[in-house]
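Asker: okay, structure incoming, though there's no sequence with it:
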């Protein structure tokens with residue numbers, strides 16, 4: 001059975017409410033992923049109760065992007081801003097989603113559909129990642145603490161290089177050392193742990209650069225036995241703030257829709 005996230009009902013809104021917000025996540029067979037999206041949607045709705053917020057998924061969960069945009073149009077909205085709940089600007093954000101939104105525009109010619117930038121890497125999200133590390137009991141003054149930042153990994157070196165660049169601002173102002181690793185490509189977590197050990201780290205925290213828990217974070221946790229493991233970003237306030245900033249920017253300066 002395909003996991004679903006309850007879709008907020010469309011409602012007639014005053015003009016000052018602005019376009020509807022469609023929040024698009026990757027999708028996962030793991031129910032914790034959809035639950036996290038629900039938490040993010042609830043937090044955004046609490047922060048901006050005048051907005052109509054619609055969750056959507058690229059795969060494996062419902063509602064799909066098509067159904068979410070159809071619901072926006074059926075509710076009578078004339079415009080929507082689509083924010084990818086993605087940390088990297090990889091294939092899904094650059095190809096899959098623009099193609100889906102171009103088709104949606106063809107189905108609903110009177111609905112203005114704009115796509116926002118992905119969420120990361122944003123300094124506020126790096127700050128949220130640091131908060132998750134601190135929640136494990138990590139002391140920022142501890143020079144023997146190593147941080148293994150673990151991301152999904154992409155097929156393009158440029159995308160992975162952007163993840164590597166998270167490390168410097170993450171540990172700025174602390175005594176920590178940090179290395180980057182990936183769940184689906186090299187370098188993997190064991191290599192990052194080895195490098196941290198070689199750099200003199202007696203204690204290690206694995207920090208997943210993920211929005212939600214799932215099979216990949218479980219796989220990383222299994223490898224990280226004996227080390228502290230931070231929570232994913234989840235519905236951290238910084239995630240809400242960045243989503244709303246991406247929404248505002250998309251409403252003002254929309255991205256071109258091209259597959």
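Answerer: Okay, I see it. Worth saying up front: this structure is predicted, and the values here are computed from it rather than measured.

Asker: can you count the residues close to residue 182?
Answerer: Residues lying near residue 182 (other Cβ atoms under 10 Å) number 23. Bear in mind the C-beta positions are built from the backbone N, C-alpha and C, glycine included.

Asker: swap that for residue 181, sorry
Answerer: Residue 181 has 25 nearby residues by other Cβ under 10 Å.

Asker: touching, it and residue 189? I think so.
Answerer: Yes. Residue 181 lies in contact with residue 189 (Cβ atoms under 8 Å); the separation is 4.8 Å.

Asker: what residues are shared contacts of the two?
Answerer: Counting by Cβ atoms under 8 Å, 6 or more residues apart in numbering, the shared contacts of residue 181 and residue 189 are 148, 150.

Asker: the stretch 101-250 of the chain: strands as residue ranges?
Answerer: Assigned by DSSP state E, counting those that start in this stretch, the strands in the stretch 101-250 of the chain fall at 112-115, 145-151, 177-182, 203-208, 228-229.

Asker: neighbouring strands - and their directions - for the second one?
Answerer: Strand 145-151 sits in its sheet next to strand 177-182 (parallel), strand 203-208 (parallel), going by DSSP bridges.

Asker: and it, average pLDDT?
Answerer: Averaging pLDDT along strand 145-151 yields 97.

Asker: give me the pLDDT for the closest residue to residue 207 other than its chain neighbours.
Answerer: For residue 207, ignoring the flanking residues on the chain, the nearest one in space by Cβ to Cβ, 6 or more residues apart in numbering is residue 230 at 4.6 Å. Note for residue 230: predicted pLDDT of 98.

Asker: for residue 50, same thing?
Answerer: For residue 50, pLDDT reads 94.

Asker: got it, and residue 2?
Answerer: We have a pLDDT of 46 for residue 2.

Asker: same check on residue 82?
Answerer: Predicted confidence (pLDDT) for residue 82: 96.
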